[in-house]
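# Return atomic coordinates for the entry below.
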Amino acid sequence: MLFSFIIPVYNRPDELDELLFCIQNQTQKNFEIVIIEDGSKNTSKDVVSKYQSCGLPINYLEKDNAGQGFARNDGFKIAKGDFFIILDSDALIEPNYLQIVEKEITEQKLDLFGGPDKDHPSFTAIQKAISYSMTSLFTTGGIRGKKSNVAGTFHPRSFNMGISRKVFEVTKGFKITRMGEDIEFSIRCISLGFKSGLIPEAFIYHKRRTSFGQFYKQLHFFGRARINIGRFFPKELKLVHYFPLAYLMGSLFAIISITFFSNSPISQILFGGWVLYNLGIFIDATRIYKSIKIGILALIAANIQLSAYGLGFVKEKLGLIKDK
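Take a look at the predicted model:
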């Protein structure tokens, strides 16, 4: 089986360099790489040339910026593989990643798959805190990458996703380029009868954002994207997706009520519950990373995640944002 790595890149040559180094060291060598330069000003030409000179099979396509969904479609069209693996350019993979993928999709007869993400030991404290908030059971991240927590059919995400050539030929790829394009695509594939599955061992190290400001913008957009997915598939907007908004409103209410009605038993119960929830996040993150610093940063990251997602969710639902 020939695999095609499909990697859109936008102004991230240094990160692409690290990812290509990982791909170069794969134990399974039957692959090609398709890189789509999506209108970058800071291009990856030099990085690509370096690895091409080392014999790495790279097909490099430059195009005007159209967004990552449509960039992936352009990659699918020129890929030669039997199976396409989509990775974000800020990912790192272990040498046996492709070997694991081939084994699992063959044994499970998968048409599309997704893998989880985790943090790498070299990541900064903020990156580890953000990774915690995006994968923890204390937040909505708990449903993203652990098989025991996935309810129903697994919907692969495009930071670590694979599809067969037949899936692309039938679906024609991504229908939208932003605002939840990967979830819309996964749901559409499954609705057409293709078999989806999670491969827990096929994880990536996902760098994500390097500052809380960038993280806030990303999660605000994710909240908006969930509403957009609901426009295509109304039944996919479920109760769990309202949790960040409920947490945001509950937090504000708890803080305001204890400030102005500190003697009220209800205010004390609400505020106590909010404190216990946040204490749980701090203790859990501190335990995992054995670092009080990361525990504090994880507490901040989790609150940013839920608040930003909740705000984006409600603002898009109410039509308060016009750009897509």
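
# can you pull out the strands in the stretch 101-250 of the chain?
Secondary structure of the stretch 101-250 of the chain (DSSP state E, counting those that start in this stretch): strands located at 112-114, 117-118, 160-164, 196-198, 204-206.

# Which one of those strands lies nearest to S53?
Closest to S53 of the strands of the stretch 101-250 of the chain is strand 204-206 (CB to CB; 26.0 Å). To be clear about C-beta, it is placed using only N, CA and C from the backbone, and glycine gets the same treatment.

# Which residues does that closest one contact?
Contact with strand 204-206 is made by 87-88, 90-93, 97, 115-120, 123, 131, 159-160, as judged by CB atoms under 8 Å, 6 or more residues apart in numbering.

# Mind telling me which of the strands of the stretch 101-250 of the chain the model trusts least?
Among the strands of the stretch 101-250 of the chain, strand 117-118 has the lowest mean pLDDT, at a mean of 90.

# Show me what that one pairs with in its sheet, parallel or antiparallel.
Strand pairing for strand 117-118, determined by DSSP bridges: strand 204-206 (parallel).

# Okay, buried residues for the partner strand please.
Neighbour counts over strand 204-206 (16 or more other CB atoms under 10 Å) mark 204-206 as buried.

# Over to stretch 303-319?
Buried residues in stretch 303-319, counted by 16+ other CB under 10 Å: 303-314, 316-317.

# Next, format those as TSV and append distance to L110.
TSV is the format used below for the buried residues of stretch 303-319 (distance: CB to CB, whole Å):
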residue	distance to L110
N303	36
I304	34
Q305	30
L306	32
S307	36
A308	33
Y309	29
G310	34
L311	36
G312	32
F313	31
V314	36
E316	32
K317	34
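
# what residues does the least confident helix or strand in the chain by mean pLDDT touch?
Every helix and strand of the chain was ranked by mean pLDDT, DSSP states H and E. The lowest is strand 117-118, at a mean of 90. For strand 117-118, contacts defined as CB under 8 Å, 6+ apart pick out 91, 131, 134-135, 144-145, 159-160, 203-206.

# Tally up the residues packed near the closest residue to L192 other than its chain neighbours, please.
With sequence-adjacent residues excluded and distances taken as CB to CB, 6 or more residues apart in numbering, L192 is closest to V170, at 6.2 Å. Neighbour count for V170, taken as other CB atoms under 10 Å: 14.

# My understanding was that K109 contacts S196; is that so?
No: using CB atoms under 8 Å, K109 makes no contact with S196, being 11.3 Å away.

# mind listing the helices for the stretch 51-200 of the chain?
Here the stretch 51-200 of the chain has its helices, by DSSP state H, counting those that start in this stretch, at 68-78, 97-108, 125-135, 165-171, 181-191.

# Tell me which of the ones you listed lies nearest to G280.
helix 125-135 (12.5 Å).

# Show me what the closest one is packed up against.
strand 117-118, helix 212-232, helix 265-289, helix 292-317 (3 or more CB pairs under 8 Å, 6 or more residues apart in numbering; DSSP states H and E).
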